[in-house]
Structure formats: C-alpha cells, structure tokens
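**Student:** mind looking at a prediction? Sequence and model below.
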Amino acid sequence: MSKTYDSAALGSDIARSRKQYLARRLATAVVNLLRLNKPGLLTTEIAQAINPIATVETPHGPLLCKAGHGRLLWRAQTFFTEEPHTVAWLDRLKPEDVYWDIGANVGLYAIYAAKFRRCRTVAFEPESQNYGLLNRNLMLNELGESVKAYCLALSDAAGLSELHLASTDPGTSCHQLGEKVDHHHRPAKPRFSQGCVSARLDDLVRDGVVPPPQHIKIDVDGFEPKVIAGAAQVLRAPQTRSLLIEVNQNLPDHMQMVKELNALGFRHDAAQVARAERKEGDFKGCAEYVFHRA
C-alpha cells in the first residue's frame, strides 16, 4: 500500500498530514458528486468565487496572502516558525533601507520588510506561478509602490536558460536554474522545465535597474554560490551591510562561499548558525547564516 501522507512532501501529490489526507478525500468526493470538474457556466463561476485569503497576525499588524492551495496555506501558518532567524533579522532593518529578496517565492518576507519595516524592497522570483502570486500578494497588501518584483533568476551569467521545477504546485521551491539537479546537487528529473531569464546583480545595479542594497536575503535552494559570484561589486560596496543566506553545510561550494564572504569582511555568529541548523529531514545540515559587515 502506498503512503497516504508525508510531512516532508513538497508538492500536492502526497498530503502532508493525516488531517490533510482526509480533507482531500472529502473534497474529492464533493467535487465528483457535484461534477465540478465538468466545464460549464456554474462550475466556472464557483471556481472564480473561491478565493481564500490567509491572514498572518504579526505584532505590527496583519499580513495578507493568497491561500488557494495547501502549500500556500502552510507558508502562512508557518511564517514565524519555519525560519524564525529570518524574521528576527528582518526586524532589525530600518525604514528606507533597501532590501533585496532573492528567491522571494510568493513574497511573504518581502511584504513583511516593506509593510512593517518600511524598507524599499526589490524581490526576485523566477518561477512563473510563484511570481504571479507574489504580485497578487503585493496587491492584497497595497504595496505596489513599495515593492518592485522581477521574474528573474539571479546567477553568475546573464541570458536565457531553463528553470527545472521540482514541483508545479504554487508556493513550492527547490527549483534549479540550468541544471537538472536537486538542492543537494544530486541528479534529479524535473517535473517540468520552463523558460527563464537570468541576470547578474552587478549588471542590474550598474545599469540602474535596481537600487544598491543595504540588506540581501538569498534563499535559492542550492544555487546561492552562483548568485554571490554575480554580485562581487555589490558585496564590496560599503553600503551593503548585512546578508541572510541559506547555506547547505553538506556542500563544499557552500562552505567555500562562506569563507569568501568572511574574506570580504562579512562575519557570522557560529552560535546563531547552530540554532538555525536543521537537525533532521531532507534539509538536515542547512541553516540561515546571518552576516554583518565587520
């Protein structure tokens, strides 16, 4: 008998809990009974009328986000618990600081920085569905003037490429640019490969496309060293004050990246990294490293 649920499931093929599994069975039964997957005026209107919005209650006020998929609801429900070190770092940002969110997914951290820290925010998300939801979430929170989102992958080279998707469900991650691998650099078969535009951060700043940052978050599931390689001038600029990077400590190129950042004058706290490190699951050994310019 195949497994009916898996707490580590990335997409929607397998439910993440028994509760979700039972809810999914009930929902499927209702849809089949009412023939809601048959095209027609009523089914179309019902589908358009269903528009669940989740509210993340923060100490500063509500953060709104689309929740029409289990993964999207999970992101809202785990906002403060999945990556608490990210939220703590964002809480130290100052109004009018320029914050870059690289690998923004559906934009919850970008929204938090813009709405509650009053930062000038630039978000980058190459996956098509997540990018669309990111912009819808910006609209929900009335942040169209405060956040500019780009459907771009950041790398060490600019051009046209492919983004290999680990899942086609909205709100998922672990997609890879140009290489059919997973977030541990192991060969992997993508669920789908979409066309993608890549850019170098140094080029975007040089050409005046985006303002130079004070703070940068990079969470691209294994591709972080290439993002850093394309941002050499940005990282040397004195106004770049802090970084938060998801580091996979199992990968040699990630640990080399940490050494290179240290050599540029960015320091991290080993105790903070130890607290952030995942101790089990598929992301075991990964941690959010918070770097500050010495």
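**Tutor:** On my side now, so go ahead.

**Student:** how's the chain carved up into domains?
**Tutor:** What automatic domain parsing lists as the domains of the chain is 1-50, 53-293.

**Student:** so what's the backbone phi/psi at the residue sitting furthest away from the middle of the chain?
**Tutor:** When distances are taken from the C-alpha mean of the chain, residue 33 lies farthest, 36.7 Å away, according to CA atoms, centre = their mean. In this entry, residue 33 is assigned phi and psi values of phi -60, psi -40 (degrees, to the nearest 10).

**Student:** between the domains of the chain, which has the poorest mean confidence score?
**Tutor:** Among the domains of the chain, domain 1-50 carries the lowest mean pLDDT, a mean of 79.

**Student:** how about the helices in the stretch 101-250 of the chain?
**Tutor:** Assignment of helices within the stretch 101-250 of the chain using DSSP state H, counting those that start in this stretch yields the ranges 108-116, 128-140, 201-206, 224-229, 232-236.

**Student:** ok, residue 74 - how many residues close by?
**Tutor:** Other residues within reach of residue 74 by the criterion other CB atoms under 10 Å amount to 17. All C-beta spots, glycine's among them, are computed from the backbone N, C-alpha and C.

**Student:** quick check, it in a strand?
**Tutor:** No: following the definition DSSP: H, G, I helix; E, B strand; the rest coil, residue 74 is helix and is not counted among the residues of a strand.

**Student:** related to what we said a few turns ago, tell me how far the residue farthest from the centre of the chain lies from residue 26.
**Tutor:** Using CB to CB, to the nearest Å, one gets 11 Å for the distance from residue 33 to residue 26.

**Student:** ok, residue 6 next?
**Tutor:** From residue 6 over to residue 26 (counting by CB to CB), the distance is 19 Å.

**Student:** more neighbours, the two?
**Tutor:** When neighbours are counted by other CB under 10 Å, residue 6 and residue 26 differ, and residue 6 comes out ahead with 13 against 10.

**Student:** pull the contacting residues for the more buried one.
**Tutor:** Applying CB atoms under 8 Å, 6 or more residues apart in numbering to residue 6 gives the contacts 14-16.

**Student:** for these, which one is nearest residue 166?
**Tutor:** The shortest gap between residue 166 and any of those belongs to residue 14, at 13.5 Å (CB to CB).

**Student:** so that closest one makes contact with residue 5?
**Tutor:** Yes: counting by CB atoms under 8 Å, residue 14 sits close enough to residue 5 to count as a contact (6.2 Å).

**Student:** of the domains of the chain, which stretch is the most buried?
**Tutor:** Of those, the one with the most neighbours on average (mean count of other CB atoms under 10 Å) is domain 53-293, at a mean of 18.
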